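In: just a sequence and a predicted model for now, questions to come.
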Amino acid sequence: MGKICLKGLGVALITPFRKDKSIDFNALSRLIDFQIENGADYLVTLGTTAETATLDEDEKAQIMRTVVEKVKGRVPIVVGMGGNNTAKVQQTILRSDFSGVSAILSVVPYYNKPSQEGIYQHFKAVTDVSPLPVILYNVPGRTGVNMTAETTLRIARTCPKAVAIKEASGNMEQIKTIIAGAPEGFSVISGDDAITTAVIQAGGVGVISVFANGFPKEMAWLVDSALRGTPEAARDKMNESYDKLFRLLMVDGNPAGVKCMLEMMGFVENELRLPLVPVCEETRKGIREELNKFAKK
């Protein structure tokens, strides 16, 4: 099993769609270059932000190969591979071609609301069959269940291929408990742009960012500043400049907000697949106003 450096800025890539809802691979390629040329340390594809739940298996395979071919080894690639049927997740991992991929991101099972023991057994089963390092992903706002610090640390200590967690619970006490108890080689990554500096200050190694789809250079600066020991300056600068936009991007859900922003920046069509829809007019107006402020600077 190879190693992957998860320190710094990871970008949770969107999946661009055309007006007919087909995948816009040209836009995806442009977005990949933009991320790498502006400071992204690694890319995450087929995660929540990629609307993966609306993609079929052939589309997922096409996206994965497109990302690998476009990146050409310039940065590590992490591929989302999770679900609420453990056996199906195992089968998908076993039949996937991971050439050019460095790690798997696997979410806590959603909808079923498993117990902590069920969550542990799920990830044990997933890591047992994975040929790659696995990043756990805790996002209770989407899954309906929180993976506790105790369960995360149990996985970290007993499943060697579990190398990190993307923590998006928003619970800093839980995050600090994981950081304090993590075994050597197990990292904590912020799953929430707004608390990136706080997580790094507590001992985290970086962020997997949604906001960086549009502002990779700025997020790379924030993460680097925090890692170099000046999180207050980074936090103050980002709060002053981007706090309102952070919040606007999430008002009508992710990735609706970031796709609206990226359309205004000229990267993609503002297209999502149902049940997701574009942001409301009020949110769109707010995003436009914030972007106009940056254009004047």
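Out: Structure's in. What do you need?

In: so what's Arg18 up against?
Out: Counting by CB atoms under 8 Å, 6 or more residues apart in numbering, Arg18 makes contact with 24, 269, 271. No exception for glycine: its C-beta is placed from N, CA and C like everyone else's.

In: okay if I get these as CSV plus distance to Ile208, pLDDT and secondary structure?
Out: Shown next, in CSV, are the contacts of Arg18 (distance: CB to CB, whole Å; pLDDT from 0 to 100; DSSP: H, G, I helix; E, B strand; the rest coil):
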residue, distance to Ile208, pLDDT, secondary structure
Asp24, 22, 98, coil
Glu269, 24, 98, coil
Glu271, 23, 98, coil
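
In: bridging residues for Val78?
Out: Val78 has these beta-bridge partners by DSSP bridges: Val44, Ala103.

In: output the contacts of Arg18 in CSV, with distance to Glu218 appended to each entry.
Out: Formatted as CSV, these follow (distance: CB to CB, whole Å):
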residue, distance to Glu218
Asp24, 24
Glu269, 24
Glu271, 25
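
In: export the residues you listed to a markdown table and tack on neighbour count and distance to Ala149?
Out: Formatted as a markdown table, the contacts of Arg18 follow (neighbours: other CB atoms under 10 Å; distance: CB to CB, whole Å):
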| residue | neighbour count | distance to Ala149 |
| --- | --- | --- |
| Asp24 | 19 | 40 |
| Glu269 | 16 | 41 |
| Glu271 | 18 | 39 |
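
In: between these, which sits nearest Asn84?
Out: For the contacts of Arg18, the minimum distance to Asn84 (CB to CB) is 26.7 Å, reached by Glu271.

In: so what's that closest one closest to, chain neighbours aside?
Out: Sequence neighbours aside, Phe17 is the residue nearest to Glu271 in space, at 4.0 Å (criterion: CB to CB, 6 or more residues apart in numbering).

In: re the thing from before, list just the nearest of the contacts of Arg18 to Arg142.
Out: Using CB to CB, Glu271 comes nearest to Arg142 of the contacts of Arg18, at 21.4 Å.

In: how about the contacts made by the closest one?
Out: Residues near Glu271 by CB under 8 Å, 6+ apart: 16-19, 21, 259.

In: for ChimeraX, what selects the buried ones among the residues you listed?
Out: In ChimeraX, this line selects whichever of the contacts of Glu271 come out buried by 16 or more other CB atoms under 10 Å:
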select :16,17,259
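
In: inside helices: which ones of the contacts of Glu271?
Out: Judged by DSSP state H, the subset of these located in helices is Lys259.

In: quick one, helices of the stretch 101-250 of the chain?
Out: Using DSSP state H, counting those that start in this stretch, the helices of the stretch 101-250 of the chain run over residues 116-129, 140-143, 149-158, 172-181, 196-202, 216-227, 231-251.

In: look at Ala40 and say how many residues are nearby.
Out: Neighbour count of Ala40, defined by other CB atoms under 10 Å: 25.
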